[in-house]
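Asker: mind looking at a prediction? Sequence and model below.
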Amino acid sequence: MTAATAEPRRDAVVSVRDLQVRFQTSDRRATVKAVDGVNFDVRRGETFGIIGESGSGKTTIGRALVFLLNPSAGAILHDGIDPTALSRKKFQSHRRDYQIIFQDPNAALNPRMTILASVLEPLELAGVGNSTERERQAREALERVGLPQEFGERYPHQLSGGQKQRVVIARALTLKPKLIVCDEVVAALDMSIRGDVLNLFADLQRDLGLTYVFITHDLAVVSHISERVAVMYLGQFVELGPTEEVAERPLHPYTIALLSAEPRPLPSAMRQESRIVLQGEVPSPIDPPSGCRFRTRCPHAQPLCTERVPEWRELKPDHWVACHFADRPDFSSN
Amino acid sequence: MEPGQPAKRRAEVAPDGARPLLSVRGLGIRFKTTQGIWQATRRIDFDIAPGERVGIVGESGCGKTITGLSILRLLPGNFAGLDGKILFDGTDLASCSARQMRAIRGKRIAMIFQEPMSALDPVFTVGHQIAETLRVHTDVSYEEARARTLEMLRRVGIASPERRIDDYPHQLSGGMRQRVMIAASLICGPQLLIADEPTTALDVTVQAQILELLRDISETSKTALMLITHDLGVVAETCTRMITMYAGEVIEDATVDEALVRPLHPYTSGLLRSLPHLSPRHGRLPSIPGRVPSIAEMPAGCRFRARCAHAAKGCEAEQKLQDAGGGRKVRCGRFAELNLPGALHPPEPAAGARVARQ
């Protein structure tokens, strides 16, 4: 716990302090700073959204939260304890409380295993009860995600995309986790099905007291389901706050541009005419810009932005931002 | 030259009286599979006027991509037959020879796809690939082709094109590759550009750039755009008319504004209501129960019937794409009696009001 800059909140299921995750490029000549100094707490029972474009590091954070990746520096505390300090055996049982679900259910399900066998697998690995008890629990999980009994005997190819994603959710539920990291879990689903799956997540949270970290590039999804949302750019958080605050009174120029770039299904008379179209694309995380990382695309960049890294500050209660000029009225949306 | 004789009897004309550039009539596409012949789409009717921007929307498997491909007759190997007419500027593409099609493809009708990396050849420079289109279709010198390629790259917003023209596709970012694809598709000045999910693989800030480019190009060079997408927001931002497809059929055809505010088909309405943008935060999202029927077991009558909250007697009969007045069309016998919610619910009578996000 070298870099724990602030005490974790009492109700924090996960506390992330100065998290860094670095990768070597394949020729080992350069280092990619996928996540570079991120701080946040995930509070018990909440849905914490992380949005960002591809390459922003959001998936890397998700994988690190459940220790599929180890932090290169900084700390991730689960309920105040550091899982890397646990013995191997204790860590194995500890990590059952922290599950992750990915975008593509086809890649997550073994095509040669029945649905029931897939859902049973985590219970078997964890050595829960006897086989009758395990089957009872697996069937209960399938029922909870709204799949009829007979689906247990089917194979993944006999299910639709939405049904497969439900199976994956059921499997994550079997070990009764405290936290589920959801990485683009509805991105591959058709629009008419997305609503169903998002409703299911909300129901499960209410019934089981789950905590979610919802990672997505889709602003509409994240703002629908999350209580708080963090905006990520090039390995760092640029803004973090209550969803309504961030969506309606964004402080960071990148958040403002993201919100403005999102195509809205509204008739022409109701769409904003003055859209901010950012120039260029996200720079490489191998050699990010000095100072503020967004400055190369920021419509308001000043000389100071090149020279100094903007401080991560709580500009309004619970609303954090990393921008030198976020409190200037002519900048933000206020 | 024109085998299908652009029939004089054709009654369909664009609202402004101009002859449509593209007029698809009764288009149906069949495929051979191990389980017999499958009818992927049927009875597809729509028009695109010169310079018009039309969105084709629907969920995966509804037949929107195959409709786009059939216009260029780029159909997969298990293609088993095509019914109906595809009249393009008076020529029936459905009965054109392979040679006639080659003269049209890339010159008068161009197409861009979702994944530019698989559409570009990795072993040739982007400049070579753009110029190739031009050299195949016109009689220009190497220098002339290169000069026009440079100009086109600049036009699609590639910074310092003289440096980029000799780059290979892998040296470019995803957004730049899609710009290169757009440059290659536009180099011969086509009358119609078919764009199949052109921004789905791109980030939202880059998507905004590409959509702006497509809109701008269509406006300045009067290129008609047929934009195939599952994203109603993309259609709202880019197009003026929206054609909704479901299970291989056109079920609604209206201006974007009308379709969004007052959809006439229960499926269009259900799609709009299921979008999280339009629901109160943290509330329950309305969804459409069930799933799209499998191509092998299409129900008779209305294909949406099993999932429709408004299904009633009469829906088991075949539904026609009927005129709904004001240039709108809908494939639902009950449209006149239903008052369906759209993107704004409760429906707001006054246009021009700002929408208050909840």
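Answerer: Okay, I see it. Numbers count the residues shown, from 1 in each chain, chains lettered A, B, ... in the order given.
Asker: how much space separates A:Arg308 from A:Leu234?
Answerer: Here the distance between A:Arg308 and A:Leu234 works out to 17 Å (C-beta to C-beta, to the nearest Å). Backbone N, C-alpha and C define where each C-beta goes, glycine included.
Asker: now do the contacts for the residue of the stretch 51-200 of chain B found nearest chain A.
Answerer: Residue of the stretch 51-200 of chain B nearest chain A, by C-beta to the nearest C-beta: B:Glu59 (4.1 Å). Neighbouring residues of B:Glu59 by C-beta atoms under 8 Å, 6 or more residues apart in numbering or on different chains: A:190-192, B:230, B:246, B:271, B:292.
Asker: before we move on, back to that, between A:Arg308 and A:Leu234, who's got more neighbours?
Answerer: Neighbours per residue (other C-beta atoms under 10 Å in any protein chain shown) separate A:Arg308 from A:Leu234, with A:Leu234 holding more: 23 against 12.
Asker: in three-state terms, label the closest residue in space to that one that isn't next to it in sequence for me.
Answerer: Spatially, and ignoring its direct neighbours in sequence, A:Leu234 is nearest to A:Arg293 (4.5 Å; C-beta to C-beta, 6 or more residues apart in numbering or on different chains). With DSSP: H, G, I helix; E, B strand; the rest coil as the basis, A:Arg293 sits in coil.
Asker: how about A:Arg293, phi and psi?
Answerer: phi -70, psi -20 (degrees, to the nearest 10).
Asker: that one contacts A:Phe237, doesn't it?
Answerer: No: in this structure A:Arg293 lies outside contact range of A:Phe237 using C-beta atoms under 8 Å: 11.1 Å.
Asker: which outside residues touch stretch B:60-75?
Answerer: A:190, B:22, B:24, B:27, B:29, B:40-41, B:44, B:56-58, B:82, B:86, B:88, B:93-94, B:96, B:101, B:104-105, B:109, B:111, B:194, B:196-197, B:226, B:228, B:230, B:245-249, B:292, B:295.
Asker: thinking again about what came up before, count of neighbours near the residue nearest to A:Leu234?
Answerer: 24.
Asker: cool, B:Thr255 as well?
Answerer: 18.
Asker: next one: it from B:Leu271, what distance?
Answerer: From B:Thr255 to B:Leu271 the distance is 17 Å (C-beta to C-beta).
Asker: checking the closest residue to A:Gln149 other than its chain neighbours next. Helix, strand or coil?
Answerer: In this structure, A:Gln149 finds its nearest non-sequential neighbour in A:Arg139, 6.8 Å apart by C-beta to C-beta, 6+ apart. The three-state assignment at A:Arg139 reads helix, by three-state DSSP.
Asker: show me what contacts A:Arg139?
Answerer: A:116, A:149, A:152.
Asker: do A:Ile215 as well
Answerer: Residues in contact with A:Ile215 (C-beta under 8 Å, 6+ apart) are A:49-51, A:58-59, A:61-62, A:181-184.
Asker: by residue count, what's the longest helix in chain A?
Answerer: Ranked by residue count and defined by DSSP state H, the top helix of chain A is helix A:191-208.
Asker: return the set of buried residues in it.
Answerer: A:191-202, A:204-205 (16 or more other C-beta atoms under 10 Å in any protein chain shown).
Asker: give me the number of residues near B:Gln171?
Answerer: For B:Gln171, using other C-beta under 10 Å, the count is 12.
Asker: returning to that earlier point: out of the contacts of stretch B:60-75, which are inside helices?
Answerer: Per DSSP H, those map to helices at B:101, B:104.
Asker: can you flag the buried ones in the contacts of stretch B:60-75?
Answerer: Here, 16+ other C-beta under 10 Å leaves A:190, B:22, B:24, B:27, B:29, B:40-41, B:44, B:56-58, B:82, B:86, B:88, B:93-94, B:96, B:104-105, B:109, B:111, B:194, B:196-197, B:226, B:228, B:230, B:245-249, B:292, B:295 buried among the contacts of stretch B:60-75.
Asker: any idea what the residue most central in space within chain A is bridged to?
Answerer: With distances taken as C-alpha atoms, centre = their mean, the residue of chain A nearest its centroid is A:Ile215 (2.7 Å). Applying DSSP bridges to A:Ile215 gives these bridge partners: A:Ile50, A:Asp183.
Asker: against B:Leu271, how distant is it?
Answerer: 25 Å.
Asker: and if you look at A:Ala34?
Answerer: 36 Å.
Asker: for B:Arg281, same thing?
Answerer: Counting by C-beta to C-beta, the gap from B:Arg281 to B:Leu271 is 20 Å.
Asker: again, but for A:Glu227
Answerer: 27 Å.
Asker: those two: which is more packed in?
Answerer: Shown here are A:Glu227 and B:Leu271; by other C-beta under 10 Å, B:Leu271 has more neighbours (23 against 16).
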